[in-house]
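J.: dropping a prediction and its sequence here:
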Amino acid sequence: MLRLIPAPLYRVLLKVAHKVRHRWRKLSGRTGTGVTVIGHDPEGRILLVRHSYGPDGWYFPGGGIKPRELPEKAALREMHEETGCHIEALEQVGIIEEELSGAPHSAHVFEGVVDDHPIPDGREVIEARFFPLHSLPEPLSPRTRARLDLWRTRQR
């Protein structure tokens with residue numbers, strides 16, 4: 001149904017929804033639980049996306065966990081929704097407890113192999129690309145840096 005909304009209008013609505021969600025979290029003190037997916041290709045490059053809403057920067061694919069959805073399923077779903085890619089050998093890296101919009105938030109961080117070419121949906125995600133670890137784009141969000149640090153610690 002939402003696919004019937006033209007992409008430019010959809011992007012404007014996402015920006016409005018993002019601001020409303022941010023304010024709701026601040027007022028209510030509640031957030032949902034989310035997932036972040038660190039996808040890397042066989043050469044070791046990592047997949048990052050830029051959203052059409054929210055703060056400017058590069059992020060890992062991810063999003064909220066739906067009611068009664070397992071974090072692993074949410075990770076697979078978010079990766080596919082945001083990049084069109086499937087991920088193999090999905091493993092949980094850890095859970096980051098943080099503050100999101102002034103409220104406590106838990107992020108389940110996963111990693112896996114993406115042997116596919118990302119195609120952004122042009123609505124939520126406007127760019128999706130693989131980057132070598134030695135040449136990451138700027139700006140990287142602080143949340144992206146925290147997740148990358150967690151992942152790198154696990155790689156050692």
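T.: Cool, the structure landed. If you're wondering where the values come from, they're calculated on a predicted model, not measured in any experiment.
J.: would you map the strands across the chain?
T.: If DSSP state E is used as the criterion, the strands of the chain fall at 34-40, 46-51, 62-64, 88-100, 103-113, 125-131.
J.: for the ones you listed, which one sits closest to His80?
T.: strand 34-40 (9.9 Å; Cβ to Cβ). No exception for glycine: its C-beta is placed from N, CA and C like everyone else's.
J.: who are the packing partners of that closest one?
T.: Contact partners of strand 34-40 among helices and strands, from 3 or more Cβ pairs under 8 Å, 6 or more residues apart in numbering; DSSP states H and E: strand 46-51, strand 62-64, helix 71-83, strand 103-113, helix 142-155.
J.: can I get these in TSV including distance to Val93?
T.: Compiled in TSV, the helices and strands packed on strand 34-40 are given as follows (distance: least, Cβ to Cβ, whole Å):
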stretch	distance to Val93
strand 46-51	12
strand 62-64	12
helix 71-83	11
strand 103-113	4
helix 142-155	5
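J.: just name the most buried of these.
T.: Most buried of the helices and strands packed on strand 34-40 by mean neighbour count (mean count of other Cβ atoms under 10 Å) is strand 46-51; its value is a mean of 22.
J.: so it versus strand 103-113, what angle?
T.: 130 degrees (axes from the mean of the first three to the mean of the last three Cα atoms, to 10 degrees).
J.: quick one: strand 46-51 to strand 125-131, angle?
T.: Put simply, strand 46-51 runs at 160 degrees to strand 125-131, going by the same axes, to 10 degrees.
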